[in-house]
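S.K.: Predicted model, plus sequence, below.
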Amino acid sequence: MTESINKELLIPIDIKDVKLVDWLVDRSIVNRLWNEECAELRDLLKQVTEEECPLVDIAGEIVSPIHYHNSVKILQALEESPFGSKNLIGQYTHEYTAKWARIVKLFQKDSTFLADSAKHIIQNVKYDIPLFKKQIARATQIKQDSIKKQADCTNNISKYQIKYREKCADIGIVGDHVRSELKNLVGEIPGRMSDIAADIGNLQTALSYYQVFARFLIKNPELEVCPLLFFVLQHGNVTVSQWETGTVPSQESDSDSSVEIIEPIETHDKNGCVVVSNEANDSPVSMDVSTDNVVAEPAAELDCDIDFGIDTIDFGADIDFGDDIIDCGEIDFGGDDIEINVLEAGEDQKNELLLDNTTTRNKIIDELYELSAFLSSRQDELSRHSETILSEIPDCPPEIQTTQIENVEKMLSVVDLPLNKLTNEKMRHLLLLKSSEKYIDRLTDSMHSQLRLCDKMEDSIEDMKQRIRDAEKTYEEVEPKLQRAIETTKSLKSCVETELSKKYKGRPVRIMGDINTL
């Protein structure tokens with residue numbers, strides 16, 4: 001019998017952590033209404049928490065929530081200090097110490113401290129500790145994501161800046177003052193067009209070779225190929241008018257054909273006559289507009305048979321307009337001869353240079369493409385030794401028979417030089433800048449968009465830095481709370497297990513559940 005009792009004492013009592021309070025109530029270890037009876041205890045805990053502790057050494061221990069074991073330690077520390085003195089009847093002389101003694105006594109009443117400890121265990125295991133862990137995990141994740149986004153924004157800034165500099169280099173500007181630099185680029189067009197005209201002047205060999213080849217194949221000795229390129233080669237970058245008419249236009253000063261328009265000034269003399277004067281000739285012209293001498297032309301009679309059914313209306317006496325003619329004097333418009341030049345429609349375009357005019361420039365580009373395509377085709381044919389076929393044709397010109405592939409490649413490189421200069425990205429921008437003010441606005445906005453993206457990335461970096469600081473602050477605030485909650489929960493678990501083991505004659509008591517995985 002004794003042996004069976006001893007074996008029963010060795011059987012552990014397992015209690016689920018979240019059911020600990022219910023277990024204590026069901027076994028009548030604590031009163032079912034223990035929570036309502038702790039009103040005085042909660043008031044005292046609130047008072048000692050708000051009051052200043054006279055003992056500095058234990059001030060850090062008085063942190064909410066306060067449980068039974070903390071209260072015992074604080075009371076022991078106060079008893080060992082000068083504030084722990086008692087009077088003749090055994091009461092504490094210091095009010096603060098007396099309050100803590102009362103708190104410990106209320107905890108011990110009806111084993112209330114076990115229910116209170118069980119309540120703290122459940123609160124920490126089920127709510128507080130998981131919440132703290134989630135906050136720390138979220139803060140850590142936010143910090144990692146913000147660091148990654150900050151690095152991405154930094155890389156994007158570098159890419160946008162590189163792209164901006166590359167675009168500026170393609171256009172040919174520095175990029176400090178985009179709009180003014182773009183307008184200044186228009187001044188480079190004449191020099192570039194002169195260089196292109198000089199490059200076209202080196203196409204004599206290629207054009208002659210193409211013309212001989214075309215005349216030979218088509219059997220037309222009068223065939224003209226690339227006429228505009230031949231014209232530029234011979235005459236240079238002249239005006240459109242010279243290309244169309246073959247005559248050199250006379251260069252007249254614009255000031256010779258200018259007309260100065262003087263706004264007349266009207267005043268009135270003392271007789272009410274209108275006086276017209278101008279700055280060139282101050283002599284006034286008097287215009288008498290009185291109605292004394294006015295001759296009225298007889299009105300033509302209208303024979304209309306329409307009867308409107310209205311009686312004759314008597315307008316009174318006839319109106320006398322007078323018989324004299326108004327003498328307005330002679331108006332002097334000045335003796336100088338004025339020559340007015342009226343430009344015909346499209347004459348301003350005819351005065352443009354061939355490479356400046358859109359129509360002729362496009363024609364030059366087309367002819368350069370035509371010449372380049374021909375030479376590329378000949379290069380391919382010569383690389384496959386097809387020149388032997390042409391040499392067998394009767395009357396084949398010697399220029400065709402003796403031309404080697406190296407000569408064609410050289411001619412092709414000479415042709416591609418002005419063609420690339422006319423069709424590259426920078427020249428396209430220059431021509432659009434010259435012809436359209438709106439294009440300058442669009443290109444300026446496009447350039448500034450790269451800088452706006454950089455500014456946006458800078459703002460994002462600042463936001464990421466702030467988020468990192470907030471995450472670090474959250475981590476620093478929550479991490480101590482988590483560690484304190486874990487330590488408190490483990491301490492309460494050990495104390496409850498010990499107290500319950502005493503009540504069951506030393507049987508081992510184990511609190512099971514998530515509390516063991518903290």
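M.R.: Structure's in. What do you need? Residues are numbered from 1 along each chain as shown.
S.K.: Run through who's touching stretch 218-236.
M.R.: For stretch 218-236, contacts defined as CB atoms under 8 Å, 6 or more residues apart in numbering pick out 197, 200-201, 203-204, 207, 210-211, 214-215, 242-243, 354-355, 360, 363-364, 367-368, 370-371. In this view, the C-beta of every residue, glycine as well, is placed from N, C-alpha and C.
S.K.: chain center to it, what's the gap?
M.R.: 52 Å (CA atoms, centre = their mean, to the nearest Å).
S.K.: Just the buried ones among the contacts of stretch 218-236, please.
M.R.: With burial judged by 16 or more other CB atoms under 10 Å, the buried subset of the contacts of stretch 218-236 is 197, 200, 203, 207, 210-211, 215, 242-243, 354-355, 360, 363-364, 367-368, 371.
S.K.: Now, those residues that are in strands?
M.R.: The strands in this structure, assigned by DSSP state E, contain none of the buried ones among the contacts of stretch 218-236.
S.K.: In helices, which of those fall?
M.R.: 197, 200, 207, 210-211, 215, 242-243, 360, 363-364, 367-368, 371 (DSSP state H).
S.K.: and of these, the nearest to residue 461?
M.R.: Of all those, residue 461 sits closest to residue 368, with 49.3 Å by CB to CB.
S.K.: these two touch, right, that closest one and residue 420?
M.R.: No - if you go by CB atoms under 8 Å, residue 368 and residue 420 don't touch, sitting 9.5 Å apart.
S.K.: Just read off the phi/psi values of residue 87.
M.R.: phi -90, psi -170 (degrees, to the nearest 10).
S.K.: typo on my end, it should be residue 81
M.R.: Dihedral angles (degrees, to the nearest 10) for residue 81: phi -100, psi 170.
S.K.: Equivalent analysis for residue 86, please.
M.R.: phi -120, psi 160.
S.K.: gap between it and residue 101?
M.R.: Noted for residue 86: a distance of 10 Å to residue 101, by CB to CB, to the nearest Å.
S.K.: Need the residues touching each of those two.
M.R.: residue 92.
S.K.: Which one of these two is surrounded by more residues?
M.R.: residue 101 (18 against 14; other CB atoms under 10 Å).
S.K.: In this structure the more buried one contacts residue 92, no?
M.R.: Yes - counting by CB under 8 Å, residue 101 does reach residue 92; the two are 5.9 Å apart.
S.K.: hang on, the earlier thing: with distance to residue 11 and pLDDT as extra columns, can I get the ones in helices among the buried ones among the contacts of stretch 218-236 in a markdown table?
M.R.: Shown next, in a markdown table, are these (distance: CB to CB, whole Å; pLDDT from 0 to 100):
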| residue | distance to residue 11 | pLDDT |
| --- | --- | --- |
| 197 | 110 | 91 |
| 200 | 110 | 91 |
| 207 | 113 | 91 |
| 210 | 112 | 90 |
| 211 | 117 | 90 |
| 215 | 120 | 87 |
| 242 | 120 | 87 |
| 243 | 117 | 86 |
| 360 | 110 | 91 |
| 363 | 109 | 93 |
| 364 | 107 | 93 |
| 367 | 108 | 93 |
| 368 | 104 | 94 |
| 371 | 107 | 92 |
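S.K.: which residue sits closest to residue 417 in space, ignoring its chain neighbours?
M.R.: Excluding its sequence neighbours, the residue lying closest to residue 417 (CB to CB, 6 or more residues apart in numbering) is residue 199, at 5.1 Å.
S.K.: And for the one you found, the neighbour number?
M.R.: Residue 199 has 19 nearby residues by other CB under 10 Å.
S.K.: what does residue 459 give?
M.R.: Other residues close to residue 459 by other CB under 10 Å number 11.
S.K.: pLDDT score for it?
M.R.: pLDDT recorded at residue 459 is 95.
S.K.: can you check residue 134 too?
M.R.: Residue 134 is assigned 96 on the pLDDT scale.
S.K.: mind listing what's buried in stretch 132-143?
M.R.: Within stretch 132-143, the residues scored as buried using 16+ other CB under 10 Å are 132, 135, 136, 139, 142, 143.
S.K.: contacts for that stretch?
M.R.: Residues outside stretch 132-143 that contact it (CB under 8 Å, 6+ apart) are 467, 468, 470, 471, 472, 474, 475, 478, 479, 481, 482, 485.
S.K.: Grab the CA positions of it and hand them over as PDB.
M.R.: C-alpha atoms of stretch 132-143 as PDB (Å, rounded to 0.1, in the frame of the first residue of the first chain):
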ATOM      1  CA  PHE A 132       6.100  41.300 -29.700                       C
ATOM      2  CA  LYS A 133       7.500  38.700 -32.000                       C
ATOM      3  CA  LYS A 134       5.300  39.800 -34.800                       C
ATOM      4  CA  GLN A 135       6.300  43.400 -34.300                       C
ATOM      5  CA  ILE A 136      10.000  42.500 -34.300                       C
ATOM      6  CA  ALA A 137       9.600  40.300 -37.400                       C
ATOM      7  CA  ARG A 138       7.700  43.000 -39.200                       C
ATOM      8  CA  ALA A 139      10.300  45.700 -38.200                       C
ATOM      9  CA  THR A 140      13.100  43.400 -39.400                       C
ATOM     10  CA  GLN A 141      11.300  42.700 -42.700                       C
ATOM     11  CA  ILE A 142      10.600  46.400 -43.300                       C
ATOM     12  CA  LYS A 143      14.300  47.200 -42.600                       C
END
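S.K.: Got the phi and psi for residue 90?
M.R.: phi 90, psi 10.
S.K.: so how many other residues sit close to it?
M.R.: Using other CB under 10 Å, residue 90 has 6 neighbouring residues.
S.K.: Look up the closest residue to the residue most central in space within the chain, ignoring the ones flanking it.
M.R.: Nearest to the mean C-alpha position of the chain, counting by CA atoms, centre = their mean, stands residue 453 at 4.0 Å. In this structure, residue 453 finds its nearest non-sequential neighbour in residue 160, 5.0 Å apart by CB to CB, 6+ apart.
S.K.: can you tell me how far the one you found sits from residue 182?
M.R.: 20 Å.
S.K.: Tell me if I am right that residue 66 is in a strand.
M.R.: No - going by DSSP: H, G, I helix; E, B strand; the rest coil, the assignment for residue 66 is coil, not a strand.
S.K.: I'd guessed it sits against residue 49; true?
M.R.: Yes - between residue 66 and residue 49 there is a contact at 7.1 Å, judged by CB under 8 Å.
S.K.: more neighbours, the two?
M.R.: residue 66 (21 against 13).
S.K.: Can you tell me how far the more buried one is from residue 484?
M.R.: Note on residue 66: its distance to residue 484, by CB to CB, is 13 Å.
S.K.: What of residue 474?
M.R.: Distance, residue 474 to residue 484, using CB to CB: 16 Å.
S.K.: hang on, the earlier thing: kindly provide the distance from the residue nearest to residue 453 to residue 463.
M.R.: As defined by CB to CB, residue 160 lies at a distance of 18 Å from residue 463.
S.K.: which of the two has more neighbours?
M.R.: The residue with more neighbours, out of residue 160 and residue 463, is residue 160; 19 against 14, by other CB under 10 Å.
S.K.: OK, contacts around that one?
M.R.: Taking CB under 8 Å, 6+ apart, one finds 450, 451, 453, 454, 457 in contact with residue 160.
S.K.: how does it look with 6 Å?
M.R.: Residues near residue 160 by CB atoms under 6 Å, 6 or more residues apart in numbering: 450, 453, 454.
S.K.: Can you get me a residue count around the closest residue to the first one other than its chain neighbours?
M.R.: What that stands for is residue 450. Leaving aside its sequence neighbours, residue 450 sits nearest to residue 164 (CB to CB, 6+ apart; 4.1 Å). Neighbourhood size, residue 164 [other CB under 10 Å]: 19.
S.K.: pLDDT score for residue 164?
M.R.: Residue 164 is given a pLDDT of 92.
S.K.: so what's the backbone phi/psi at it?
M.R.: phi -60, psi -50.
S.K.: repeat for residue 14
M.R.: Dihedral angles for residue 14 - degrees, to the nearest 10 - are phi -100, psi 130.
S.K.: ok, it touching residue 510?
M.R.: Yes - using CB atoms under 6 Å, residue 14 is in contact with residue 510, at 5.1 Å.
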